[in-house]
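# kindly return the folded structure for what I paste below:
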Amino acid sequence: MTMTDEEKIRLWVETWRRAGPALERIRAEELRVWRYDPVIVDALFEIGCRFAVPRTTSGLVEQQRLFRKLIL
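Numbers count the residues shown, from 1 in each chain. Predicted structure coming up:
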């Protein structure tokens, strides 16, 4: 027996509904035990400053253009 698209979506939603709290607990624990290491943070900041390309837009216009292509 194969599942309909609606059944697959319902299963996907239910799976994430149950997984969400567990993933949130993991995230909270990782943030709780994380220790600030200025050497690492400074190095990451330096990489970002060195290779960052300033954005001229938020990307919303491009997103809307892509959505429009999907609809038409």
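# give me the mean pLDDT for the helix or strand encompassing residue 64.
Per DSSP states H and E, residue 64 falls inside helix 60-71. In this model, helix 60-71 has an average pLDDT of 90.
# can you give the contact residues for it?
With C-beta atoms under 8 Å, 6 or more residues apart in numbering as the contact definition, helix 60-71 has no outside contacts at all. (Each C-beta comes from the backbone N, C-alpha and C, glycine too.)
# output the longest helix belonging to this structure.
Among the segments of the chain that qualify as a helix by DSSP state H, the longest is helix 5-33.
# so what does that one touch, helix or strand wise?
Contacting helix 5-33 under the criterion 3 or more C-beta pairs under 8 Å, 6 or more residues apart in numbering; DSSP states H and E is no other helix or strand.
# by contact count, what packs against the next helix or strand after it?
Next along the chain after helix 5-33, taking DSSP H and E as the criterion, comes helix 38-51. Contact partners of helix 38-51 among helices and strands, from 3+ C-beta pairs under 8 Å, 6+ apart: none.
# alpha carbons of helix 38-51, as PDB, please.
Output of helix 38-51 as PDB, limited to C-alpha atoms (Å, rounded to 0.1, in the frame of the first residue of the first chain):
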ATOM      1  CA  PRO A  38      38.200  34.600  22.000                       C
ATOM      2  CA  VAL A  39      40.800  33.200  19.700                       C
ATOM      3  CA  ILE A  40      38.200  31.200  17.700                       C
ATOM      4  CA  VAL A  41      35.600  33.900  17.800                       C
ATOM      5  CA  ASP A  42      38.100  36.500  16.600                       C
ATOM      6  CA  ALA A  43      39.400  34.200  13.900                       C
ATOM      7  CA  LEU A  44      35.900  33.600  12.600                       C
ATOM      8  CA  PHE A  45      35.100  37.300  12.700                       C
ATOM      9  CA  GLU A  46      38.300  38.000  10.700                       C
ATOM     10  CA  ILE A  47      37.400  35.500   8.100                       C
ATOM     11  CA  GLY A  48      34.000  37.100   7.800                       C
ATOM     12  CA  CYS A  49      35.400  40.600   7.400                       C
ATOM     13  CA  ARG A  50      38.000  39.500   4.900                       C
ATOM     14  CA  PHE A  51      35.700  37.500   2.600                       C
END
